[in-house]
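**Student:** Below is the sequence, then the predicted model.
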Amino acid sequence: MNLIVFGAAGRTGKHIVSRALGHGHAVTAFVHCTPLDIEHESLISVTGDVLDFDSVSAAMRGRTAVAFALSGAGNHEPGIANVIHAMAEHEVLRLSAVSAAGTFARGDKALSLAYRAMVATALRSVYEDLEKMEMRIKASALDWTIVRPVGLTDGPATGDYRISLDGSLLPKSTRISREDVAAVVVKSLETDTYRHRAVVVGQ
């Protein structure tokens with residue numbers, strides 16, 4: 001697999017890069033401002049802006065799969081629009097994108113009352129952006145997977161997590177490490193296990 005990772009210098013993206021390299025894949029790290037502190041003979045680092053289609057398209061050339069792991073609000077929907085366009089232009093089909101549990105289920109009582117309050121206020125714009133991103137992905141002709149973690153930690157990989165294959169929230173679930181999320185993302189690109197699924201992952 002010749003993988004390009006958007007958001008590669010982010011706290012989750014860098015683990016996707018490391019996991020893919022560890023599995024023997026060639027990786028292109030697409031970074032904006034922050035340099036990636038990983039060196040490997042199978043790693044290429046490209047600086048660009050996901051909101052600039054020309055830079056996205058140039059970096060996409062020759063790749064066979066995409067991981068999309070941006071952070072923050074406001075860039076997911078326009079960024080994924082450019083990525084999907086570039087994938088079509090260069091005939092790249094495999095995509096795995098990191099979203100968040102509670103997307104399209106912001107009022108679900110499986111989410112804590114405190115978190116539902118945050119989603120309705122401080123995180124409202126983030127969830128609106130993620131939902132628009134997911135709608136673009138699902139409307140595409142790609143072989144896509146959406147990974148929705150139940151909160152994130154910076155702890156080590158455990159390999160001990162639960163997955164909801166139908167996108168429903170996991171009962172009594174807790175946050176999952178970014179390294180474990182990266183493992184799910186890479187697996188979703190290596191196999192058809194989660195093809196055309198939005199999966200929720202948590203402890």
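**Tutor:** Thanks, I have it. These numbers were taken from a predicted model, which means no experiment stands behind them.

**Student:** Tell me the gap between the helix or strand where residue 180 lies and the middle of its chain.
**Tutor:** Here residue 180, judged by DSSP states H and E, is contained in helix 178-190. Centroid separation for helix 178-190 versus its chain: 9 Å, with C-alpha atoms, centre = their mean, to the nearest Å.

**Student:** buried set for that helix?
**Tutor:** For helix 178-190, a neighbour-count test (16 or more other C-beta atoms under 10 Å) marks 178-190 as buried. Every C-beta, even on glycine, is put in place using the N, C-alpha and C of the backbone.

**Student:** and the residue of the chain positioned farthest from its centre, what does it touch?
**Tutor:** Distance from the C-alpha centroid of the chain peaks at residue 113, with 25.8 Å (C-alpha atoms, centre = their mean). Counting by C-beta atoms under 8 Å, 6 or more residues apart in numbering, residue 113 touches no other residue.

**Student:** phi, psi of it?
**Tutor:** With angles defined as degrees, to the nearest 10, residue 113 sits at phi -60, psi -40.

**Student:** follow-up on the earlier one: and of the buried residues of helix 178-190, the nearest to residue 161?
**Tutor:** Residue 161 has its nearest neighbour among the buried residues of helix 178-190 in residue 180, at 5.2 Å by C-beta to C-beta.

**Student:** isn't that closest one right next to residue 162, touching?
**Tutor:** No - counting by C-beta atoms under 8 Å, residue 180 does not reach residue 162; the two are 10.6 Å apart.

**Student:** that's a helix at residue 119, yeah?
**Tutor:** Yes - checked against DSSP: H, G, I helix; E, B strand; the rest coil, residue 119 lies within a helix.

**Student:** leaving aside the residues next to it on the chain, what's closest to it?
**Tutor:** Sequence neighbours aside, residue 106 is the residue nearest to residue 119 in space, at 4.7 Å (criterion: C-beta to C-beta, 6 or more residues apart in numbering).

**Student:** now do residue 181
**Tutor:** Nearest to residue 181 is residue 149, by C-beta to C-beta, 6+ apart, at 4.9 Å.

**Student:** Mutual contacts of residue 180 and residue 162, please.
**Tutor:** Jointly contacting residue 180 and residue 162 under the rule C-beta under 8 Å, 6+ apart are residue 201.

**Student:** elements contacting the helix or strand encompassing residue 129?
**Tutor:** Here residue 129 sits within helix 124-139, counting by DSSP H and E. If contacts are counted by 3 or more C-beta pairs under 8 Å, 6 or more residues apart in numbering; DSSP states H and E, helix 124-139 sits against helix 76-89, strand 94-98, strand 143-149.

**Student:** let's see it at 6 Å
**Tutor:** helix 76-89 (3 or more C-beta pairs under 6 Å, 6 or more residues apart in numbering; DSSP states H and E).

**Student:** Could you check the angle the helix holding residue 129 makes with strand 143-149?
**Tutor:** Between the axes of helix 124-139 and strand 143-149, defined by axes from the mean of the first three to the mean of the last three C-alpha atoms, to 10 degrees, the angle is 160 degrees.

**Student:** buried sites along helix 124-139?
**Tutor:** Applying 16+ other C-beta under 10 Å to helix 124-139 flags 126-131, 133-134, 136-137 as buried.
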